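Asker: return atomic coordinates for the entry below.
(one chain, ligands or ions: 1)
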Amino acid sequence: TVLVVDFGAQYAQLIARRVREARVFSEIVPSDMPVAEMLAKNPAAIILSGGPSSVYAEGAPSLDASLFEAGVPVFGMCYGFQLMATALGGTVDNSGAREYGRTELSVSKPASTLFEGTPAEQQVWMSHGDACSAAPAGFDVTASTSVVPVAAFENDDKKLYGVQYHPEVLHSTHGQQVLEHFLYRGAGIEPNWTTGNVIDEQVEEIRARVGTKRAICGLSGGVDSAVAAALVQRAIGSQLTCVYVDHGLMRKGETEQVEKDFVAATGVQLKVVDAADRFLDALAGVSDPEQKRKIIGREFIRVFEQAQAEIVAENAADGADVAFLVQGTLYPDVVESGGGTGTANIKSHHNVGGLPEDLEFELIEPLRKLFKDEVRAVGQELGLPEEIVQRQPFPGPGLGIRIVGEVTRERLDLLREADAIAREELTAAGLDRQIWQCPVVLLADVRSVGVQGDGRTYGHPIVLRPVSSEDAMTADWSRLPYETLERISTRITNEVADVNRVVLDVTSKPPGTIEWE
Ligand code: XMP
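Answerer: This next block holds a predicted model:
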């Protein structure tokens with residue numbers, strides 16, 4: 001494994017993903033983990049991430065210099081690079097030599113371990129206030145910029161490497177190559193990690209853990225719970241029961257997808273709870289988004305717990321103990337809930353941070369170490385249908401938070417139709433992989449005048465919100481082809497009663513969130 005030491009501000013996750021894209025397993029550790037503990041994990045290499053601090057700031061995270069004496073190859077990036085420089089006797093000044101954004105890097109040692117085979121001039125992404133003016137003794141300076149004399153250095157004998165920029169971001173055009181040079185050439189690691197190993201390893205582990213007991217899994221219709229369930233099903237077969245709560249806020253065809261396609265692909269035992277009436281009753285008269293979210297969350301837990309209790313009781317009658325609950329927790333959830341430092345507590349995910357204390361189940365979280373794209377690869381290998389594996393994110397509260405105004409059955413039907421048309425046309429145009437997701441929102445509290453046929457109409461607008469993103473933390477509005485937008489607009493206004501206008505949301509996140517509520 002390669003350890004990525006997290007100095008905060010979201011960089012570590014991206015680095016860990018890039019390492020895995022290089023087919024090497026990676027794990028994020030907090031920067032306050034003692035060096036001895038890091039070394040006890042027997043890492044093949046260690047990467048020091050960037051971070052928001054200046055190495056001179058009070059309370060800035062630091063690192064015990066003994067790390068560099070342990071004989072483990074180390075690669076420092078940005079803040080990690082500066083820490084390495086100061087720890088080993090180089091000079092870092094906060095002289096105002098700052099750089100932000102795209103920068104031209106000049107490689108001065110083309111035969112160096114990191115840069116061999118990459119262009120002499122390359123674009124990199126910089127984000128720093130301090131700058132290294134002298135490399136530590138024994139290090140070769142391998143690149144510079146017009147502002148920074150020491151933008152990269154290496155000591156090949158000691159297997160220590162560093163760059164001032166962020167090789168993990170796509171704006172650094174040769175960043176992945178440089179990272180791979182470190183892993184393969186610098187640290188001598190064989191790239192052989194695949195998601196296939198994960199399946200075998202997890203199946204074996206889950207079988208051993210569960211033994212003859214039973215497990216329950218809640219299916220949301222999303223990728224994560226589906227893949228987690230399929231993986232556990234592979235391991236323990238009919239000892240697993242899945243529960244699907246139909247809250248009536250799903251999109252067109254989604255419940256059927258779970259009921260038919262998922263069951264057909266996995267052979268899983270499924271209990272479907274039709275709770276649409278209950279949710280709609282609870283939502284009657286409510287327009288406030290936060291209140292809607294709370295109501296949906298609360299009802300969901302109640303319905304799910306009841307189904308859970310029923311399954312436990314049925315099995316107890318047969319003398320079987322339901323002892324495990326399967327959850328589709330992903331690695332970013334684990335890291336963001338406190339698995340790392342600096343980035344902690346951005347969101348407290350209810351499936352990690354907020355478990356009830358009297359939890360009577362043990363958790364099985366087979367995707368705990370995986371990123372989203374890896375989960376998709378696992379799902380594919382398990383033979384799940386493409387429509388499930390490649391599903392774009394869809395919020396738990398479903399269409400309930402895509403109707404601005406009160407949620408009613410009629411409005412849901414209307415939005416479901418409009419959403420289905422948008423999805424159909426985006427798929428037909430081959431745009432699914434290009435966008436992160438495209439919420440379709442009904443402005444139920446807004447009316448505008450239109451003309452259709454010979455008559456005046458007074459209908460509702462539908463908003464299209466296509467976005468591109470890597471992790472939903474930030475997003476940009478997608479530049480969709482006009483022809484596709486036109487087809488969606490024409491079809492929605494023709495085919496969906498009461499809608500006489502389609503508008504496009506051209507706001508990035510921030511300032512707008514992806515969802516409207
Ligand atoms: P926002 O609207 O905050 O959304 O930019 C970021 C991402 O999270 C999804 N989302 C949710 N997912 N439960 C979920 O499981 C929720 O309550 C929820 N709210 C937003 C949203 O679709 C986007 O992908």
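Asker: now tell me which helix or strand of this protein has the poorest mean pLDDT.
Answerer: Between all helices and strands in the chain, the lowest mean by mean pLDDT, DSSP states H and E belongs to helix 331-334, at a mean of 86.
Asker: next SSE after that one?
Answerer: Of the helices and strands lying after helix 331-334 in sequence (DSSP states H and E), the nearest is strand 362-364.
Asker: contacts for that next one, please.
Answerer: By C-beta atoms under 8 Å, 6 or more residues apart in numbering, the residues outside strand 362-364 that reach it are 206, 209-210, 215, 228, 232, 323-327, 355. For every residue, glycine as well, the C-beta is placed using N, CA and C.
Asker: per-residue confidence averaged over it?
Answerer: Mean pLDDT, strand 362-364: 93.
Asker: quick check: next helix or strand after that strand?
Answerer: Per DSSP H and E, the first helix or strand lying C-terminal to strand 362-364 is helix 372-381.
Asker: quick one: the strands in the stretch 151-300 of the chain?
Answerer: 152-155, 160-163, 214-219, 240-246, 269-274 (DSSP state E, counting those that start in this stretch).
Asker: right, so these: which one is the most enclosed?
Answerer: strand 160-163 (a mean of 28; mean count of other C-beta atoms under 10 Å).
Asker: sheet partners, orientation included, of that strand?
Answerer: strand 74-77 (parallel), strand 152-155 (antiparallel) (DSSP bridges).
Asker: give me the residues contacting that strand.
Answerer: The contact list for strand 160-163, computed with C-beta under 8 Å, 6+ apart, reads 68, 73-78, 80-81, 84-85, 88, 113-114, 124, 139, 143, 151-155, 178, 182, 186.
Asker: buried subset of the contacts of strand 362-364?
Answerer: Among these, those buried by neighbour count (16 or more other C-beta atoms under 10 Å) are 206, 210, 215, 228, 232, 323-327.
Asker: want to throw those residues into TSV with pLDDT?
Answerer: Shown next, in TSV, are the buried ones among the contacts of strand 362-364 (pLDDT from 0 to 100):
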residue	pLDDT
206	98
210	97
215	97
228	98
232	98
323	93
324	95
325	94
326	95
327	93
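Asker: the ligand next: which of those are close?
Answerer: When those are checked against the ligand using C-beta under 6 Å from any ligand atom, none falls in range.
Asker: tell me the two of those residues that are most distant?
Answerer: Spatial extent of the buried ones among the contacts of strand 362-364 (C-beta to C-beta) is set by the pair 228 and 323 at 16.8 Å.
Asker: could you list the low-pLDDT ranges of this protein?
Answerer: 9, 337-359 (pLDDT under 70).
Asker: picking that back up, what helices or strands is the least confident helix or strand of the chain leaning on?
Answerer: helix 11-21 (3 or more C-beta pairs under 8 Å, 6 or more residues apart in numbering; DSSP states H and E).
Asker: CA atoms of the helix it packs on as PDB?
Answerer: C-alpha atoms of helix 11-21 as PDB (Å, rounded to 0.1, in the frame of the first residue of the first chain):
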ATOM      1  CA  TYR A  11      -6.100  17.200  -2.000                       C
ATOM      2  CA  ALA A  12      -5.400  13.800  -0.400                       C
ATOM      3  CA  GLN A  13      -8.500  12.100  -1.800                       C
ATOM      4  CA  LEU A  14      -7.600  13.100  -5.300                       C
ATOM      5  CA  ILE A  15      -4.100  11.900  -4.900                       C
ATOM      6  CA  ALA A  16      -5.200   8.500  -3.500                       C
ATOM      7  CA  ARG A  17      -7.500   8.100  -6.500                       C
ATOM      8  CA  ARG A  18      -4.700   8.900  -8.900                       C
ATOM      9  CA  VAL A  19      -2.500   6.400  -7.200                       C
ATOM     10  CA  ARG A  20      -5.100   3.700  -7.700                       C
ATOM     11  CA  GLU A  21      -5.600   4.800 -11.300                       C
END
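Asker: got the contact list for that helix?
Answerer: Here helix 11-21 has contacts from 2, 4-6, 25-28, 47, 49-51, 77-78, 166-169, 175-176, 179, 183, 193, 331-332, 335, 340, 343, 371, 373-374, 470-471, using C-beta under 8 Å, 6+ apart.
Asker: quick revisit: restricted to helices, list the buried ones among the contacts of strand 362-364.
Answerer: Those of those mapping onto helices are 206, 210, 228, 232, per DSSP state H.
Asker: Serialize the residues you listed to TSV and add fields for distance to residue 420.
Answerer: As requested, those are arranged in TSV below (distance: C-beta to C-beta, whole Å):
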residue	distance to residue 420
206	36
210	39
228	27
232	31
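Asker: between those residues, which is closest to the ligand?
Answerer: Set against the ligand, the nearest of those by C-beta to the nearest ligand atom is residue 228 (14.4 Å).
Asker: residue contacts, that closest one?
Answerer: Residues in contact with residue 228 (C-beta under 8 Å, 6+ apart) are 217, 326-328, 364-367.
Asker: please repeat the previous calculation with a cut-off of 6 Å.
Answerer: The neighbours of residue 228, taking C-beta atoms under 6 Å, 6 or more residues apart in numbering as the test, are 326, 328, 366-367.
Asker: residue 332 too?
Answerer: Listed by C-beta under 6 Å, 6+ apart, the contact set of residue 332 reads residue 13.
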